[in-house]
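**Q** Task: produce atomic coordinates for the following.
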Amino acid sequence: MTMAPATELRTFTNLDPARGDLLDVYAEVRAPLLHLPNYAVTAFGERIDRHSTEPGFTAVLAYAAGQPVGYAYSNTIEHGDRYWQRTSPTPAEKYTERPAVALKEIGVGPAWRKTGTARRIHDVLLATRDETYVTLMVNPAAGDGKVRALYESWGYEGIGRSQPSPTSPVLTVMARVVR
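**A** Here you go, the predicted structure:
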């Protein structure tokens, strides 16, 4: 892990003041994938607009020298949520019987990778959550499997598969206890 310059983490429960910065840092983080329909900035903007109206929406952005360099956002999912309905096989009841926090997106700009910034964003995002479990979806091919391995090192385990939309790849659904 390399040392990164100081970052400031800001938490938002309202999308409006953070939306522009979220779109900017998303475009930097996902630059190699932006040509794919599911990763286009417009598609991300539509997803973040929808997710920000759902219960428990929280975003954390990392800033360095006033510029956004990383982000994560989440919301609460309930028993019976379409998130769980699309997961195969059906997850164990311990994950779905109570509300869970769904980590919808996390990413840091290329210069900020391997600096611990993503983990700091992740931990701040979860620090105030009351849910027992956190879940996320990862493309198993991302980083030639390194992204999934990173989540496993953070305590996540694979619990199923999901294809959230027809243009999405089949993703691995992972979960862990919040704390």
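**Q** From now on I want contacts and neighbour counts done on CA atoms only, so please keep to that.
**A** Will do.
**Q** Give me the residue ranges of the protein where confidence is low.
**A** 1-5 (pLDDT under 70).
**Q** what about the strands in it?
**A** 8-12, 58-64, 67-77, 100-108, 133-138, 157-162, 171-177 (DSSP state E).
**Q** CSV for those strands, including distance to Arg148 and mean neighbour count?
**A** CSV is the format used below for the strands of the chain (distance: least, Cα to Cα, whole Å; neighbours: other Cα atoms under 10 Å):
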stretch, distance to Arg148, mean neighbour count
strand 8-12, 24, 16
strand 58-64, 21, 23
strand 67-77, 16, 24
strand 100-108, 13, 22
strand 133-138, 6, 22
strand 157-162, 9, 19
strand 171-177, 8, 20
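**Q** now the ones you listed in CSV, with distance to Arg30?
**A** Below are the strands of the chain laid out as CSV (distance: least, Cα to Cα, whole Å):
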stretch, distance to Arg30
strand 8-12, 20
strand 58-64, 16
strand 67-77, 11
strand 100-108, 8
strand 133-138, 14
strand 157-162, 21
strand 171-177, 17
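**Q** Closest to the centroid, which residue in this structure?
**A** Glu105 (2.3 Å; Cα atoms, centre = their mean).
**Q** hang on, isn't it packed against Ala72?
**A** Yes: using Cα atoms under 8 Å, Glu105 is in contact with Ala72, at 5.3 Å.
**Q** so what's the residue nearest to Asn139 when sequence neighbours are not counted bridging to?
**A** With Cα to Cα, 6 or more residues apart in numbering as the criterion, Asn139 has its nearest non-adjacent residue at 4.7 Å, and that residue is Leu171. Going by DSSP bridges, Leu171 is paired in beta bridges with Ser162.
**Q** measure Leu171 to Leu15 for me?
**A** 26 Å (Cα to Cα, to the nearest Å).
**Q** same thing with Lys114?
**A** For Lys114, the distance to Leu15 - Cα to Cα - is 27 Å.
**Q** No further questions, thank you.
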